[in-house]
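**Q** Pasting the sequence and the predicted model now:
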Amino acid sequence: MVLFSLILTLLGCSAHKVGAGSGDSADSAPVDLDPMVSSYIPDNFGTMSPARVVFLGDSITAGYGASKRKLSYPRLLKENDDATWADAADLDFPGLYGADPDILDVSVPGATTGSLVGEQLPAVTSGLGDTVSGPTIVIATIAGNDVQAVMLSPDQADAAIASITANLTQFYDYFADPVRFPDGSFVYLANVYEPSDGVGQADECFYGLDLTSALGTLDKVNAATLAQAQDRGVAWIDMHGHFLGHGYHASDPTNPYYEAADPSLWFASDCIHPNDRGHHEIRRLFWYALAGQDFPGDVPEPG
């Protein structure tokens, strides 16, 4: 999928943002929050005793871009690779929950919101049955391939957004079904990132094609999925904001998202998927959201 940039103005709501703007409690030490991350987490959301975690979505969740399967973000959440990420030993499910919940991964490379509903939800039913016991955590990356389909046709953006949000309505309805999930489910949906650090063009990506004109489409898609998440009371994880400054202009000090302390690249050479560092960072985003904690600033790789 081809991914583009977003500058979001978050809508006001009775929930907290994990990242920029989150306050510290009176008895806690100040946290150096990532100024670019504005994930939306409803108040009192989630569970610390899930019976299972369901992964859905596209090639990002399927692990593409990682040099080894165990370094993909779902596998790192299941069990940290201590040899690679020694400082993240507790940033996995055992470290968070003190136990290993059951895992069902039905993600498919190339998935769209349409195939998420038409193919992956039936796969969830096949894997879990018609009803389950115990709380369910749902983690997904989706909509990037939907954006790709209309990236050079801005006149189709409104129709694409209508399709995406209609499909996500079915997705949310499925997991909100009290018969299927009588003990509750909690959905964490990532937004869509992009590899150009807000520039819209990188010589290394897509034959150097200037895709600046497509930025508005992504703006609208991400804003629409945020508004829908707020309306449905589900979590919306700001993958886009976290990856700004770590695309193919990461080393450019004139880029407004340049991070001097850590100008590292988080994308694979295809400019589409996260590399090992990128998967690690997506794992961090979801872990802190699952824990209900403010998202801290970047932690540069040792050395």
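**A** Thanks, I have the structure now. Given the structure is predicted, the values throughout are model-derived calculations rather than measurements.
**Q** And the pLDDT for the residue nearest to residue 260 when sequence neighbours are not counted?
**A** Once flanking residues are discounted, residue 260 sits nearest to residue 253: 7.0 Å by C-beta to C-beta, 6 or more residues apart in numbering. (Each C-beta comes from the backbone N, C-alpha and C, glycine too.) With respect to pLDDT, residue 253 scores 97.
**Q** Which helix or strand contains residue 253?
**A** For residue 253, there is no host helix or strand (DSSP states H and E).
**Q** What's the local residue count around it?
**A** Here the number of neighbours of residue 253 (other C-beta atoms under 10 Å) works out to 9.
**Q** And it, how close does it get to residue 66?
**A** 29 Å (C-beta to C-beta, to the nearest Å).
**Q** What backbone torsions are found at the most centrally placed residue in the chain?
**A** Against the mean C-alpha coordinate of the chain, by C-alpha atoms, centre = their mean, the closest residue is residue 190 at 2.7 Å. Backbone torsions of residue 190, given as degrees, to the nearest 10, read phi -80, psi 150.
**Q** Equivalent analysis for the one 3 residues further on, please.
**A** Its backbone dihedrals place residue 193 at phi -100, psi -180, with angles given as degrees, to the nearest 10.
**Q** is it true that it touches residue 239?
**A** Yes. Using C-beta atoms under 8 Å, residue 193 is in contact with residue 239, at 4.8 Å.
**Q** Mind checking which of the two has more residues around it?
**A** residue 193 (29 against 26).
**Q** which residues touch the more buried one?
**A** 3, 239, 240, 242, 243 (C-beta atoms under 8 Å, 6 or more residues apart in numbering).
**Q** And these, which is the shakiest by pLDDT?
**A** In terms of pLDDT, the lowest of the contacts of residue 193 is residue 3, showing 36.
**Q** still on that earlier bit, I'd like the distance between the residue nearest to the centre of the chain and residue 236.
**A** With C-beta to C-beta as the criterion, residue 190 and residue 236 are 8 Å apart.
**Q** do residue 187 as well
**A** Going from residue 187 to residue 236 by C-beta to C-beta gives 9 Å.
**Q** How about the secondary structure of residue 53?
**A** At residue 53, secondary structure determined by DSSP: H, G, I helix; E, B strand; the rest coil is strand.
**Q** Bridge partners for it, pull those for me.
**A** Under the criterion DSSP bridges, residue 53 forms beta bridges with residue 103, residue 137.
**Q** residues contacting it?
**A** Contact analysis of residue 53 by C-beta under 8 Å, 6+ apart lists 77, 93, 101, 102, 103, 104, 136, 137, 138, 139.
**Q** 10 Å instead?
**A** Contact analysis of residue 53 by C-beta atoms under 10 Å, 6 or more residues apart in numbering lists 74, 77-78, 93, 97, 100-105, 136-139, 186, 188, 286, 290.
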